[in-house]
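1. Just the structure for this:
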Amino acid sequence: MNVLPPPEEKATYVERMFARIAPGYDRINRAMTFGQDQGWRRHAVNAVAPPINGRALDVGTGTGDFLPLLAAWMPDGIAVGVDFCLPMMRAGWSKLETAALDRSPAHAYRTTFVGGDALRLPFPDDTFDSITTGFTMRNVTDIGAAFREMWRIVRPGGVVACLEVARPRSPLLRLGHRFYFEQVVPLVGLALGSDRQAYTYLPQSARLFPAPPELAQIMRAAGWQHVQYKRLSLGAVAVHTGVKL
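-> The predicted structure follows:
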């Protein structure tokens, strides 16, 4: 069953899909990744290493999984999560309270959500020191434009880390990976009370996503330099990093 929308309908489709699955999103994410997704996010945050009193942005933040991790690095800084799906951010509101616990009392509540589109980020040029984004680029309509926007709003010397799906290089592992995500994951979503169609879309969108070397080239074309990537979990995901000079 193909559930991928045509390009001109993708943004609306994605926003409505995430609005539907927001209440159970975190629970299903933990189940289908066997809890590994939090470790992948920690790796991405370690890669950007935001300054203690800096500004960090998480693009396509969803329920805000990155925000407590960024806040722990920046006890005197500002951590912002931007997303265009209000129900997802509402579902993650408690994470802002968790983030506040990792900050100095004077800056306890300098962690927040902001509504916005990854292709038109609502921030001035050179605003942030660090940017993270996780499992968002496969849902945008123009990956290159999204990376250009992130390049625009980060300061010179700033770092981006992009956590995204990948495919194992081993043919046998790749076959098992595809079977799990395309056949098992939709059933996991259904069993945990969510939307089977949504958890069919997500694996199908992953299949069409650029491989790590291609994504690295897209980042370079958008202006990022010193682009490199690391595969995690036997190649199931990859973390790309780049620097604005």
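2. buried ones in the worst-scoring helix or strand of the chain on mean pLDDT?
-> When the helices and strands of the chain are scored by mean pLDDT, DSSP states H and E, helix 185-191 comes last with a mean of 77. Using 16 or more other C-beta atoms under 10 Å as the test for burial, helix 185-191 gives 185, 186, 189. C-beta: built from backbone N, CA, C; applies to glycine.
3. Distance from the chain centre to that helix, please.
-> Its chain's C-alpha centre and that of helix 185-191 lie 21 Å apart, by C-alpha atoms, centre = their mean, to the nearest Å.
4. For that helix, name the packing helices and strands.
-> Other helices and strands packing on helix 185-191, by 3 or more C-beta pairs under 8 Å, 6 or more residues apart in numbering; DSSP states H and E, are helix 25-32, helix 198-207.
5. which other residues reach the next helix or strand after the shortest one?
-> The element immediately downstream of helix 25-32 (helix or strand, assigned by DSSP states H and E) is helix 37-48. Contacting residues not belonging to helix 37-48 are listed as 29-30, 33, 56, 65-66, 69-70, 73, 130-132, 134, 159-163, 230, 232-233, 237, 239, 241 [C-beta atoms under 8 Å, 6 or more residues apart in numbering].
6. In helices, which of the residues you listed appear?
-> 29, 30, 66, 69, 70, 73 (DSSP state H).
7. Would you tell me which strand is longest in the chain?
-> With secondary structure taken from DSSP state E, the chain has its longest strand at strand 154-165.
8. Can you give the distance of that strand from its chain's centre?
-> For strand 154-165, the distance to the chain centre is 11 Å (C-alpha atoms, centre = their mean).
9. Likewise for stretch 113-132?
-> Distance, stretch centre to chain centre, for stretch 113-132: 13 Å (C-alpha atoms, centre = their mean).
10. Buried ones in that stretch, by neighbour count?
-> Within stretch 113-132, the residues scored as buried using 16+ other C-beta under 10 Å are 113, 116, 117, 118, 121, 123, 127, 128, 129, 130, 131, 132.
11. again with stretch 46-57
-> Buried-residue list, stretch 46-57, by 16+ other C-beta under 10 Å: 47, 48, 50, 54, 55, 56, 57.
12. Show me which pair in the buried residues of stretch 113-132 is furthest apart.
-> 117 and 129 (21.8 Å; C-beta to C-beta).
13. If any of the ones in helices among the contacts of helix 37-48 are buried, give me the ChimeraX selection for them.
-> Buried members of the ones in helices among the contacts of helix 37-48, defined by 16+ other C-beta under 10 Å, are picked up in ChimeraX with:
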select :29,66,69,70,73
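14. can I get the ones in helices among the contacts of helix 37-48 in CSV with distance to residue 180 and pLDDT?
-> Shown next, in CSV, are those (distance: C-beta to C-beta, whole Å; pLDDT from 0 to 100):
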residue, distance to residue 180, pLDDT
29, 15, 87
30, 15, 90
66, 25, 96
69, 26, 94
70, 30, 94
73, 32, 92
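15. Which stretches in this protein count as strands?
-> Going by DSSP E, the chain shows strands at 55-59, 78-83, 111-115, 128-134, 154-165, 225-232, 237-243.
16. so what strands line up beside the last one?
-> Which is strand 237-243. Sheet pairing here is set by DSSP bridges, and for strand 237-243 it gives strand 154-165 (antiparallel), strand 225-232 (antiparallel).
17. The last one: which residues count as buried?
-> Spelled out, it's strand 225-232. Per 16+ other C-beta under 10 Å, strand 225-232 contains these buried residues: 227, 229, 232.
18. out of the residues you listed, who's nearest residue 92?
-> Of those, the one sitting nearest to residue 92 (C-beta to C-beta) turns out to be residue 232, at 22.9 Å.
19. Please name the residues that touch the closest one.
-> 39, 40, 43, 238, 239.
20. Kindly report the same for residue 112.
-> Residue 112 touches 79, 80, 81, 96, counting by C-beta under 8 Å, 6+ apart.
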